[in-house]
Each structure stands twice: as structure tokens, then as C-alpha cells.
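Chemist: Model the structure of this input:
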Amino acid sequence: QVQLVESGGGLVQAGGSLRLSCAASKTIFVINAMGWYRQAPGKQRDLVATITSGGNTNYADSVRGRFTISRDNDKNTVYLQMNSLKPEDAAIYYCKAEIAQPRFDSWGQGTQVTVSS
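Modeler: Okay, here's the model as predicted:
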């Protein structure tokens, strides 16, 4: 398994910014894509953004232009810079790592983001 530790969540006013970090433990496994997902109360867990080991990114339409995902491959750490936050961005944000061989996913424990209007 790969342990993921998230940090950076908190309470912010609408229009503000937060930066989330997710660090993967040292591992013998090769991590391909890493990403962020979020889950609001009573809703399913949705993709926010992903980034491959080569730096290719993908964003949900709702965050494109406001959020930026980046990655430090040497540190096995992925970041999510969130700007212009809206109340609807409030959720628990989860980090995911996709391992290539054998193929499995690891999830972090989640970090709460609260946006006040």
C-alpha cells in the first residue's frame, strides 16, 4: 500500500484561496497519476483534478481556471492551489494515487475545506 497524507484544508471566505498538499509515503511502487477528488455531504465523490507523472492535467469544468494541480515527482507530492473559492467548493477533499504495477489505487484520509459566503 501507499500511504497518503493530506494537509492544507481549512475555513476560508468566498473569493479566498487555499493550497492543499498530499504527500505519498516512500514506496517501491511506481505512482502514475495523482489527483484530487471531493465529496460534499449527501453527494458522491467527484473528480476535481488529476495530473500524470508526465505533467498532463485534467480538471473538472467547475474548477477549471480557478484551481491548479501540480506535482513534485521527487517528493511524490501533489498540490492543489485553489483560488476564487466559492461556497459550492466546500467539501472533504481526498487525494488519490494510481499505482501502475500491480494496478491499484490508494486514497488519503481527506481534508475538510469550508467556504463561508
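Chemist: Let me see the confidence value for Pro102.
Modeler: Looking at Pro102, its pLDDT stands at 91.
Chemist: just Phe29 next, same as before
Modeler: 86.
Chemist: you'd agree it is up against Val2?
Modeler: Yes. Counting by C-beta atoms under 8 Å, Val2 is a contact partner of Phe29 at 6.1 Å. Just so you know, the C-beta spots here come from the backbone N, C-alpha and C atoms, and that holds for glycine as well.
Chemist: Please, where are all the helices along this structure?
Modeler: Assignment of helices within the chain using DSSP state H yields no ranges at all.
Chemist: so where do the strands sit in it?
Modeler: 4-7, 10-13, 18-24, 31-39, 46-51, 57-59, 67-72, 77-82, 91-99, 104-107, 111-116 (DSSP state E).
Chemist: sorry, back to before: hey, what's in contact with both of Phe29 and Val2?
Modeler: Shared contacts of Phe29 and Val2, defined by C-beta atoms under 8 Å, 6 or more residues apart in numbering, are found at Ile99.
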